[in-house]
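# output the structure for:
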Amino acid sequence: MLSTRALEGAPNWIDLATPDLDGALAFYSALFGWRFHSLGPDAGGYGFLQSDGRTVAGAMPTGAGRELPGWTVYFRTEDAETTAQAAERAHGSVLLAPGEVMGLGRMAGLADSAGAVFRVWQPGEVEGLDAASEPGALCWVELHTPDVAAGAAFYHRVLGLETSATAFPDGMYTCVNPPGAGEDTMFGGVVRSLDDPADADTGAYWLPYFAVTDPEGVTERARQGGGTVLLPPTTVPGVGRMARLTDPYGARFAVIRGEPTQS
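Here you go, the predicted model:
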């Protein structure tokens, strides 16, 4: 699962862009108990989502030509400019040129060769998230893309990410880990979106997973809060119990209660 270790190429931030910041904050607070810490007027409405005083995500309003609604995953890089250039060479796109973010670090907005949007974060004052793989925090990310091999090749070229195949009852799953860090640092996977009816007409995208202790309870609170249940709580042998949801504004995410690690 994901950790807060400073590993090159691993996810180190995530944020939400939403057309109704107050409504989204109420929704996620009911699900995870998050609280919002604004960065002030100079940040354009951006702030940190926190659990027990630790930052687990960011959030901001859309509008005025800014973000499309949804969750965006960031990957750690030592050099945002070099990574953006690598994305272009790999037939991706630079959506937002590398630049400083309030002295906290450097960021670039990119899309892969299938159109999945992601960002890279070159740490400055802010290294990344304060918590990961614990209840209410990001624990896994998953690329939904039409071509698994092409997707894996793109992120290997751009971020150096390595992949491995894991067998499950319904087939093989492609896992992802940072370059040279070993399979015990796996933080995500790649799946073929064309095989999933819930991905119809959505294009390629990164899906964040948040750790929970009660998938049924979170799913019911999401439904009551105006969200959509794309996949009801389902047990995946050897992995855990998960559900896929959207918030009231269409942002996709998943929740999971992982199976205990066997010694």
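
# now do Phe183, the pLDDT please.
For residue 183 the amino acid is Glu, not Phe. For Glu183, the model assigns a pLDDT of 77.

# for it, phi and psi?
Backbone torsions of Glu183, given as degrees, to the nearest 10, read phi -70, psi -20.

# roughly how far apart are it and Met1?
Glu183 is 12 Å from Met1, where distance means C-beta to C-beta, to the nearest Å. Glycine gets a C-beta too; all of them are placed from N, C-alpha and C.

# go on, Val239?
According to C-beta to C-beta, Val239 stands 11 Å off from Met1.

# quick check: closest non-adjacent residue to Thr219.
With C-beta to C-beta, 6 or more residues apart in numbering as the criterion, Thr219 has its nearest non-adjacent residue at 4.7 Å, and that residue is Ala243.

# which residues do Val239 and Met1 both contact?
Shared contacts of Val239 and Met1, defined by C-beta atoms under 8 Å, 6 or more residues apart in numbering, are found at Gly258.

# what ranges do the helices span in the stretch 151-263 of the chain?
Assigned by DSSP state H, counting those that start in this stretch, the helices in the stretch 151-263 of the chain fall at 215-224.

# strands of that one, start to end?
162-168, 171-177, 188-192, 205-211, 228-236, 240-246, 252-258 (DSSP state E, counting those that start in this stretch).

# between Glu183 and Met1, which is the more surrounded one?
The residue with more neighbours, out of Glu183 and Met1, is Met1; 17 against 12, by other C-beta atoms under 10 Å.

# what pLDDT does the more buried one get?
Here, the pLDDT recorded for Met1 equals 80.

# wait, what's in contact with the nearest residue to it once chain neighbours are set aside?
The shortest distance from Met1 to any non-neighbouring residue, by C-beta to C-beta, 6+ apart, is to Ser133 (4.1 Å). If a contact means C-beta under 8 Å, 6+ apart, then Ser133 has Met1, Leu2, Ser3, Cys139, Ala211 as its contacts.

# what's the most distant pair in these?
Spatial extent of the contacts of Ser133 (C-beta to C-beta) is set by the pair Ser3 and Ala211 at 12.2 Å.
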